[in-house]
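Colleague: need coordinates for the below:
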Amino acid sequence: MSPFKTSLLAALASAVLTAGLLYYINQQRAHEAAVLRRNNNLMRVQASQRHQTRSAALAPPARSSPAQPEEPGATPPEPAPVAAAENYRNEGRATPRAALHTFAWACDRADAATVSRMIHFEPAARELAEVLLAGLPESERAKFRTVDEMAATMLTLNVMAHPFPNAAVLDAAMLEPLGEERASLRLPGTAKDLIQFQKTGEGWKYVITDAMAEAYLKNSVTR
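Modeller: All right, here's what the predicted structure looks like:
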């Protein structure tokens, strides 16, 4: 890369930094609030079920035959706990569609460590990411050991802010081969259409293309 291009990219990275860090903090808070709302909803459902069960136990039973004496000390059974709804699933990385599910699952849980192991950079995209990482202040750069970790954090926050469709929609994603070891998954009508996955020795991985990296820098500067 020429010195001019390196200097230009470093300047772009510096311009992105302030907005990026604020976005990072705000999205973390938004995710925490979403988790609290989900837990509160679950608690309300469980409380409602317990109330309905107890009300039914106190109501006079309908009898079609002479009443039989009840066993002393009998108590109504507690309702089974309500399982939290799962929008995504960890399906491994054996196929592109399985990797799509797992990628969405990891992002939904803010599991940037798993996301970082699912990233495959195209060469120029990695070069741009390295310039961006190098342009961060030391205090921020120290948070990431590799560009994969930095990219995983950005991707995780982005997906948390703009989630994937639910698992039923991901199940219906159309596979579009782009070669023996590259495939695109079609989700027409969604912002997640045409995501690419690359086959590697560790399974299929989410591809960060050269075009994606360039568009990210361009959009960050103009925001």
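Colleague: low-confidence stretches in the protein?
Modeller: 1-86, 220-223 (pLDDT under 70).
Colleague: can you give me the helices for it?
Modeller: Listed in chain order, the helices of the chain (DSSP state H) span 3-58, 96-108, 112-116, 123-134, 138-141, 147-161, 167-171, 210-222.
Colleague: can you pull the contacts of the closest residue to residue 126 other than its chain neighbours?
Modeller: Using C-beta to C-beta, 6 or more residues apart in numbering and skipping the chain neighbours, the partner closest in space to residue 126 is residue 147 (6.3 Å). Placement of C-beta: from N, CA and C, glycine included. Applying C-beta atoms under 8 Å, 6 or more residues apart in numbering to residue 147 gives the contacts 121, 126, 129-130, 132-133.
Colleague: now with 7 Å?
Modeller: 126, 129-130, 133 (C-beta atoms under 7 Å, 6 or more residues apart in numbering).
Colleague: any idea how far it is from residue 170?
Modeller: Residue 147 is 27 Å from residue 170, where distance means C-beta to C-beta, to the nearest Å.
Colleague: quick one: residues contacting residue 164.
Modeller: Applying C-beta under 7 Å, 6+ apart, the residues near residue 164 are 104, 170, 192.
Colleague: residue 94 versus that one, what's the distance?
Modeller: Distance of residue 164 to residue 94, computed by C-beta to C-beta: 19 Å.
Colleague: can you check residue 142 too?
Modeller: 35 Å.
Colleague: now swap in residue 148 and tell me
Modeller: According to C-beta to C-beta, residue 148 and residue 94 sit 21 Å apart.
Colleague: okay, those two: which has more neighbours?
Modeller: residue 148 (20 against 11; other C-beta atoms under 10 Å).
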